[in-house]
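> 3D, please:
(2 chains)
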Amino acid sequence: MIRKIFLVLAIALAFVQGAYGQGKPFVEITSFHKDADVSKVGINDDVWKDVASYKQPLQRQFLLEPKPKDVGVKEVHVQSVNDGRFIAFRLTWKDDTKDDTLKITNFSDAAAIQFPVSSDPLPEYFMGEPKKPVHILYWKAWRTKDQRDGTQSVNTSYPNMTIDMYTFDYKVTGTGTDKTQAQKDMFIPGRAALNPIDSAHKEIIEEASAEGPGTLKTKPVENTVGDAQWQNGTWTLVMRRPMTVADKESVQFKAGERKPIAFAVWEGHHMEGGGRKAVSPAWAEVMVQ
Amino acid sequence: MQMRKVYNWQLGRNASYIYPQVRPQKQWAMVFDLNKCIACQTCSLACKTTWTSGKGQEYMFWNNVETKPYGGYPVGWDMGILSKLGPQEWHGEKYAGKTLFEAAEKDEKILQHIAADEDWAHPNIGEDEIAGSINKGDWLTLPHRVWMFYLPRTCAHCTYPACLAACPRKAIYKRPEDGIVLIDQSRCRGYRECVRACPYKKPMFNVETRISEKCIGCYPKVEQGLMTQCVTNCIGRIRLHGYLNTPEKAVKENPIDYLVHVRKLALPLYPQFGTEPNIYYIPPIHAPVSYLEQMFGPGVGTAVRTYKNIPNDQTLKGLLVLFGSMEKILSSFKVDDKLAYGFDDKGNEIVKVPVTEPMFVREFFDSKLKVFRQNTP
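Next up, the predicted model:
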């Protein structure tokens, strides 16, 4: 099955590359060298004002069912700066609805940037392939709201929800009533199973690796820091990270190097999540000044 | 979508599925006698206190009991998917319509109804609502002119689970040893493809952990040879839990095989969905057959006739008495003139109960105490 998918993918890729010009990637982005502290660069800092913005067209994920019929976001504008130590990306896209509230049927607005761990040979742009991993920086609007207003929970999602008592949540004290948090967490399955979605994190950007569709795995590192803001129907997201990190399975940037890059955006209002997403149709490239 | 052909005995034909046919060594299955359910919700609470008492699970009912025809949890789960699928036909025992996999829209794996957020907020809406209004001068018939019945539900641990097919991460798996379908709580990323895809709406999203959960078939009990919490706590003794073989391998001593395959008394819930669900219902004899056929397939008429004849059917009478009589899973059973017996997989007797309880009539006047007896304690 996977083999077939890759075959289809390779053909699709060849077609796309053929159609868009002599094996050249879709978009060439430049990461401009700036005399600024890029480790602290914010969403609306002046540094972005004179930095070229590249339009990256997005299309529906079209390789694996379920495929979205249509996607809410059709293009994302990408900018990048670096100071030789840190590199930052700013993504801007139109989205009329801000979806950052957690509910049973709510899907979060989200965006991700993907890099190959190694460019030689280049993994398939669609989430990598076995033994050719990709490194993904994954932002979710839920996490931005968590960071800003406190972690969303069932109490914030459903303030009128009622419950008599949680297990081990005794209103009295005494023998047998003192339970550790870990003992209480046994009744919260995802937490007890140490699911990375539910585990403690500092940053709004989740770092993940993948070796093909359906294999996304949270990395135990948080080297990427981010800020996101929704204003007047537009999301602006900044991700910044050191150009080099100790983790060998992470993307590394070097001045003068070209790095393949790919994008995905999810429009929560369209119930986009997982494979229901808008993707850049091939590897783009970022040229690091 | 490239579909595989798998054999679905409930439909009497090959049907489409995402993966090739792989049946477990044993298949978890449950039988419910709907003629006896009184919607006391003891099963729901037994399940809830055992498995879903945590934060984020407040409105999560892996086992629920709803009132048919109008009740449902989540609201309208069945009407939603049935209206999407549209009218379909059975030709005798063979399903001539489309399953949910066969009716999938372009670019989707399965036809789906998505429950709205508020649909999850009313676990027992429509309770005790009847199918129509009672007019002046109405009288009782069988089936009832105005009717309702209770439908207890768990995950069906389907042979061809829609949730498993839908998960893009393969975070859902069906255990080869007992057919229980589980969501790997460490692997799920909360995409909710399973929540969308399951026609029975039994995978549920936990907003606290942001991932999905579902009925686990009480696997820690099952691994010890015990029936599930919802079964053993049922005060109406309407349920039996065990293992089901495919029809050609049916063993008549196996109580589940006997009810489902040999006597065809217990019928699958919405077999037309094409997932081969493993919860089986003895249909309520007072509800209209046409409604029940939509729900349980073409075998309803026969099942109702068989059920009505149970007073003359010592084996079935004995087997129904075994419901709720033990916590251990029965491998086989036997009924003689007086007693019904249940055995484990080594043939050891687990339980022995009288088929008909002896009746004692006490005289109205107690001559020893010189008082009249009252029939209230």
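> going forward, measure contacts between C-alpha atoms and count neighbours the same way
Will do.
> from the centroid of chain B, which residue is nearest?
Centroid-nearest residue in chain B, with C-alpha atoms, centre = their mean: B:I279, separated by 3.4 Å.
> so what's that one up against?
Shown in contact with B:I279 (C-alpha atoms under 8 Å, 6 or more residues apart in numbering or on different chains): B:29-32, B:153-157, B:268-269.
> pick out the most distant pair among those residues.
Farthest pair in the contacts of B:I279 (C-alpha to C-alpha) is B:F32 and B:H157. Separation: 14.9 Å.
> of the two, which one has the most company?
Applying other C-alpha atoms under 10 Å in any protein chain shown to B:F32 and B:H157 shows that B:H157 carries more neighbours, namely 28 against 24.
> low-confidence ranges, the chain, go.
Picked chain A for this. Judged against pLDDT under 70, the low-scoring parts of chain A cover residues A:1-25.
> wrong one, I was asking about chain B
Checking chain B against pLDDT under 70 turns up B:377.
> end to end, how far does stretch A:111-123 reach?
Stretch A:111-123 has its terminal residues 20 Å apart, counting by C-alpha to C-alpha, to the nearest Å.
> meant to ask about stretch B:121-141
Stretch B:121-141: ends 36 Å apart by C-alpha to C-alpha.
> ok, and does it reach over to chain A?
No - applying C-alpha under 8 Å from any C-alpha of the partner chain, one finds stretch B:121-141 separated from chain A by no less than 8.7 Å.
> and the helices in the stretch 1-150 of chain B?
B:42-51, B:77-85 (DSSP state H, counting those that start in this stretch).
> looking at these, which is buried most?
Each of these was scored by mean neighbour count; the highest is helix B:42-51, a mean of 20, by mean count of other C-alpha atoms under 10 Å in any protein chain shown.
> contacts for that one, please.
By C-alpha under 8 Å, 6+ apart, the list of residues contacting helix B:42-51 reads A:187, B:61-65, B:229-231, B:233-235.
> most neighbours among those, which one is it?
Across the contacts of helix B:42-51, neighbour numbers were computed from other C-alpha under 10 Å; B:C230 holds the maximum, 28 neighbours.
> who wins for proximity to A:K74 among the helices of the stretch 1-150 of chain B?
helix B:77-85 (29.5 Å).
> can you pull the contacts of A:Q114?
Applying C-alpha under 8 Å, 6+ apart, we find A:Q114 in contact with A:127, A:134-137, A:261-263.
> could you rerun that using 10 Å?
A:125-128, A:134-138, A:207-210, A:251, A:260-264, A:283 (C-alpha atoms under 10 Å, 6 or more residues apart in numbering or on different chains).
> and B:Y291, that one's in a strand?
No - assignment of B:Y291 by DSSP: H, G, I helix; E, B strand; the rest coil gives helix, placing it outside any strand.
> tell me the secondary structure for A:Q147?
Going by three-state DSSP: A:Q147 is helix.
> report how many residues lie close to B:V251.
Neighbourhood size, B:V251 [other C-alpha under 10 Å]: 18.
> which residue, other than its chain neighbours, is closest to it?
Spatially, and ignoring its direct neighbours in sequence, B:V251 is nearest to B:D257 (6.1 Å; C-alpha to C-alpha, 6 or more residues apart in numbering or on different chains).
> just A:A208 next, same as before
Nearest residue to A:A208, sequence neighbours excluded (C-alpha to C-alpha, 6+ apart): A:T218, at 4.2 Å.
> and the gap between the one you found and chain B?
10 Å (C-alpha to the nearest C-alpha, to the nearest Å).
> how many other residues sit next to that residue?
Look at A:T218: counted by other C-alpha under 10 Å, it has 19 neighbours.
> near chain A, which residues of the stretch 51-200 of chain B?
B:51-59, B:105-110, B:114-118, B:120-121, B:166-171, B:184-193, B:195-196 (C-alpha under 10 Å from any C-alpha of the partner chain).
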